[in-house]
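J.: Fold the following, please.
(3 chains)
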Amino acid sequence: MASQEERVQLLEDIEDIRRLKIDYAGVCDTGYDGDKLAAMFTEDAIWDGGDTFGVHRGRAAIRDLFNEISSDITFALHYMIGHTIDVDSSGTKATGKWYLWEPMTYKGQAVLGAITYDDEYEKVDGRWYFSRMNVQIHFLTPYDKGWVKQRMVT
Amino acid sequence: MGTLEQRVQRLQDITDIRRLKIEYAQQCDDNYNPDGLTVLFTDDAVWEGTGLGRYEGKQAIHGFWTDASGRFTFALHYMVGDAIDIAPSGVEATGHWYLWEPATIDGRAMFVAATYDDVYKKVDGRWLFHRVQAHSHFLAPYESGWVKVPFAELD
Amino acid sequence: MATLEERTQRLEDIEAVRRVLLRLGESCDGPYDADTFVSLMTKDAVMDLMEMGVYRGRQAIHDFIAGLREHISFTLHYWCGFLIDIAPSGTEATATWYGMETPTIEGRAVLGGLTHDARLRKVEGRWMLTHLGQKLHFMTPYDKGWVKERTIPPIGS
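T.: Predicted structure coming up:
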């Protein structure tokens, strides 16, 4: 059985990681500031957007990715939902799963996005960072179509 | 107010129950995995949903999910706004949730909006669903929206 | 470094604030329950809804919320993404969160996307709102979408 200290620490870590993800959402929704977003990742972090958005390694690549995205996505709301966060026994590494519901304006058209995440986190100098973000896109459908008619926007 | 030990335990229980519900969502979204879902319930659990029937006991609940997995080819369960109360006993709890669910049912795009009233029980140190009551607010075809067609006719 | 007692208290306060905010959202589902809504606010609370007006004090807030009933026959408030900060005093807090809404307004399906902010004060052990704000990102007719029609005309106009 863990000590009371360890149990409180675990609850605090889960809350800190949850905040990290919501902070990430907030920066995405106010213009995707590449510098601010890159600062939430470890130096050698990986942002893996699969076939759609590609794999981006390291802070500089992640910063460039977001600076580029901001010209295509002129509006978005990232509803980050349904987290399951596991902190490992070292207390400095963690994994997390999330759901994202994202209404957005992509290249001038209304798009609904349904996404899930598999994240990895690392605690460096007392602060949690993303060390890996795997992005699974279920649909990015034009609002006037729906995901059965057209799963992915072009 | 409780001892520090009890207070930490309560926070941990809320965290564990929240996780139970999200695991339920994840299993639903894994093509309504009947085995993965059924292990989250107590032996004498009841699952009940407006318009979806009442299923009592693990076997009945398993059968319900097996049927669902044939009809839903896609679903994402966005579980939101959990309000979880731990009973003074520390082994019973209630939870209220909102569900937003884009789904493909019988080949048609649908939006499901529901709320849940759950009862949880702690069995051998693990939280399980004892009762799930799903209130459907709409199950609307994507093309029509919930005012024109609040509940789609399913085959 | 805070004591274990203080750290536990902070986690409890975050959860308590989240519950107050969720209760506020739930009180707006179905028929708008203005009594419950204002019972979660201090007497001098301010609700700043920007384009939808500023309401000062329980009575003004109550009247506005109760008035929504005749226009909105159904809605669900999906509130998520809470960021809650408890001040070092332990008696003040701030919160921001996301809201998605599915109202039926004047018989029309509408999809709402909002962000909210609040300030709270702990009064006799109970967290209460002193300020509630919102930013309306879209409130679009369901059959249109936010690019074609970002917001419907103000309610009652």
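J.: Now do the worst-scoring helix or strand of chain A on mean pLDDT: distance to the chain's middle.
T.: For chain A, using mean pLDDT, DSSP states H and E, the weakest element among its helices and strands is helix A:50-53, scoring a mean of 92. Centroid displacement of helix A:50-53 relative to its chain, using C-alpha atoms, centre = their mean, to the nearest Å, is 14 Å.
J.: packing partners for it?
T.: Helix A:50-53 is packed against strand A:127-142, with contacts defined by 3 or more C-beta pairs under 8 Å, 6 or more residues apart in numbering or on different chains; DSSP states H and E. Backbone N, C-alpha and C define where each C-beta goes, glycine included.
J.: Output the strand it packs on as PDB - backbone C-alpha positions only.
T.: Taking C-alpha atoms only, strand A:127-142 is exported to PDB below (Å, rounded to 0.1, in the frame of the first residue of the first chain):
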ATOM      1  CA  ARG A 127       7.100  19.900 -14.500                       C
ATOM      2  CA  TRP A 128       5.200  17.600 -16.800                       C
ATOM      3  CA  TYR A 129       5.800  17.700 -20.600                       C
ATOM      4  CA  PHE A 130       4.600  15.800 -23.600                       C
ATOM      5  CA  SER A 131       7.200  13.400 -24.800                       C
ATOM      6  CA  ARG A 132       5.000  11.900 -27.400                       C
ATOM      7  CA  MET A 133       1.600  12.600 -28.900                       C
ATOM      8  CA  ASN A 134      -0.100  10.100 -31.100                       C
ATOM      9  CA  VAL A 135      -3.100  11.500 -33.000                       C
ATOM     10  CA  GLN A 136      -5.700   9.200 -34.400                       C
ATOM     11  CA  ILE A 137      -8.200  10.800 -36.700                       C
ATOM     12  CA  HIS A 138     -11.600   9.100 -36.800                       C
ATOM     13  CA  PHE A 139     -13.100  11.800 -39.100                       C
ATOM     14  CA  LEU A 140     -12.500  15.300 -40.200                       C
ATOM     15  CA  THR A 141     -15.800  15.700 -42.100                       C
ATOM     16  CA  PRO A 142     -17.100  18.800 -43.900                       C
END
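J.: Is there proximity between it and chain B?
T.: Yes - interface with chain B: strand A:127-142 contributes A:138-139 (C-beta under 8 Å from any C-beta of the partner chain).
J.: Could I get the buried residue list for that strand?
T.: A:128-135, A:137-142 (16 or more other C-beta atoms under 10 Å in any protein chain shown).
J.: Give me the mean pLDDT for that strand.
T.: For strand A:127-142, mean pLDDT rounds to 97.
J.: Going by residue numbers, what spans are helices in chain A?
T.: Secondary structure of chain A (DSSP state H): helices at A:4-28, A:34-38, A:50-53, A:59-72.
J.: again with chain B
T.: Counting by DSSP H, the helices of chain B are B:4-28, B:34-38, B:58-71, B:145-148.
J.: who does residue 94 bridge with?
T.: As the question left the chain open, I've gone with chain A. Beta-bridge pairing of residue A:94 under DSSP bridges involves residue A:87, residue A:121.
J.: that's the wrong chain, I meant chain C
T.: Where residue C:94 sits in a bridge, its partners, by DSSP bridges, are residue C:85, residue C:119.
J.: And the one 4 residues further on, by the same measure?
T.: Residue C:98 forms beta bridges with residue C:80, residue C:115, as assigned by DSSP bridges.
J.: What is the neighbour count of it?
T.: Neighbour count of residue C:98, defined by other C-beta atoms under 10 Å in any protein chain shown: 26.
J.: Please name every helix or strand in contact with the longest helix anywhere in chain C.
T.: Counting by DSSP H, the longest helix found in chain C is helix C:4-26. Contacts defined by 3+ C-beta pairs under 8 Å, 6+ apart place helix C:4-26 against helix A:4-28, helix B:4-28, strand B:78-86, strand C:77-86, strand C:92-101, strand C:108-123, strand C:126-141.
J.: Same question for that helix: list its buried residues.
T.: C:4, C:7-11, C:13-22, C:24-26.
J.: Rounded mean pLDDT for that helix, please.
T.: Helix C:4-26 comes out with an average pLDDT of 96.
J.: what is the orientation angle of that helix with strand C:92-101?
T.: For helix C:4-26 against strand C:92-101, the angle by axes from the mean of the first three to the mean of the last three C-alpha atoms, to 10 degrees is 40 degrees.
J.: between helix C:4-26 and strand C:108-123, how many degrees?
T.: 150 degrees.
J.: Can you tell me what sits against helix C:4-26?
T.: Here helix C:4-26 makes contact (C-beta atoms under 8 Å, 6 or more residues apart in numbering or on different chains) with A:4-5, A:8, A:11-12, A:15, B:4, B:7-8, B:11, B:14, B:81-83, B:96, C:2, C:36-37, C:40, C:77, C:79, C:82, C:84, C:86, C:90, C:93, C:95, C:97, C:99, C:118, C:120, C:122, C:127-129, C:132.
J.: Let me see the confidence value for the nearest residue to residue A:105 once chain neighbours are set aside.
T.: Nearest residue to residue A:105, sequence neighbours excluded (C-beta to C-beta, 6 or more residues apart in numbering or on different chains): residue A:75, at 4.1 Å. On pLDDT, residue A:75 comes in at 97.
J.: what residues does chain C put near chain A?
T.: C:4, C:7-8, C:11, C:14, C:78, C:80-83, C:96, C:98, C:100, C:111, C:113, C:115, C:137-138, C:145-148.
J.: so where's chain B uncertain?
T.: Scanning chain B with the threshold set as pLDDT under 70 gives B:1, B:155.
J.: how about the least confident helix or strand of chain A as PDB, C-alpha atoms only?
T.: Taking Å, rounded to 0.1, in the frame of the first residue of the first chain, the C-alpha atoms of helix A:50-53 are listed here in PDB:
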ATOM      1  CA  GLY A  50      -0.200   9.500 -38.900                       C
ATOM      2  CA  ASP A  51      -0.700   9.700 -42.700                       C
ATOM      3  CA  THR A  52      -2.800  12.900 -42.500                       C
ATOM      4  CA  PHE A  53      -0.400  15.200 -40.500                       C
END
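J.: And for it, what's in contact with it?
T.: A:65, A:134-137, A:140, A:152.
J.: Format those residues as a markdown table; extra columns: distance to residue B:54.
T.: Output for these, formatted as a markdown table (distance: C-beta to C-beta, whole Å):
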| residue | distance to residue B:54 |
| --- | --- |
| A:65 | 49 |
| A:134 | 39 |
| A:135 | 39 |
| A:136 | 34 |
| A:137 | 37 |
| A:140 | 38 |
| A:152 | 39 |
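J.: Alright, I will stop here.
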